[in-house]
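K.L.:
Curious how this folds, go ahead:
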Amino acid sequence: MSAATAWLMLLLAGVLDVLWALAMKQAQGYTRLGWTLTSLLLLAAFVWLLGKSLSVLPVGTAYAVWTGIGAVGTVLAGALLFGESLGAARLGGIALVLAGIVVLKLAPG
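P.N.:
Coordinates of the predicted model:
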């Protein structure tokens, strides 16, 4: 697999991580079967994609980028879908995480 394909799989794993978190919220502590099954399928999918990307990418970089995508995406989705606060400090935190992802992506090795 090429590095470009691995990065694409990693990006998709991050997006699925966000969707998984949203499905977990909707599952309401695993009390709603449909959302529970959806969350488990999303979990399996993002773990598989992450694992495949790790066959090419450095584990430290890939894991940090994946968690950053998940964290930023989930904060933004929570604000958009559930009215969670998105003040200056949270926006600053998002900016720092995004900056870290860019640095990790561009760093050699």
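K.L.:
any idea how far the residue nearest to the spatial centre of the chain lies from V103?
P.N.:
Computing the C-alpha centroid of the chain and ranking residues by CA atoms, centre = their mean puts G70 first, at 2.3 Å. Relative to V103, G70 is positioned 18 Å away (CB to CB, to the nearest Å). All C-beta spots, glycine's among them, are computed from the backbone N, C-alpha and C.
K.L.:
give me the low-pLDDT residue ranges for this protein?
P.N.:
109 (pLDDT under 70).
K.L.:
give the contact list for the residue in the chain sticking out farthest from the centre.
P.N.:
Relative to the mean C-alpha coordinate of the chain, counting by CA atoms, centre = their mean, the farthest residue is T31 (23.8 Å). For T31, no contacting residues are found, by CB atoms under 8 Å, 6 or more residues apart in numbering.
K.L.:
What strand or helix carries it?
P.N.:
For T31, there is no host helix or strand (DSSP states H and E).
K.L.:
buried stuff in whatever helix or strand A89 lives in?
P.N.:
Taking DSSP H and E as the definition, one finds A89 inside helix 88-106. By 16 or more other CB atoms under 10 Å, the buried positions in helix 88-106 come out as 94, 97, 101, 104.
K.L.:
Tell me the spacing between A4 and E84.
P.N.:
Distance from A4 to E84, counting by CB to CB: 34 Å.
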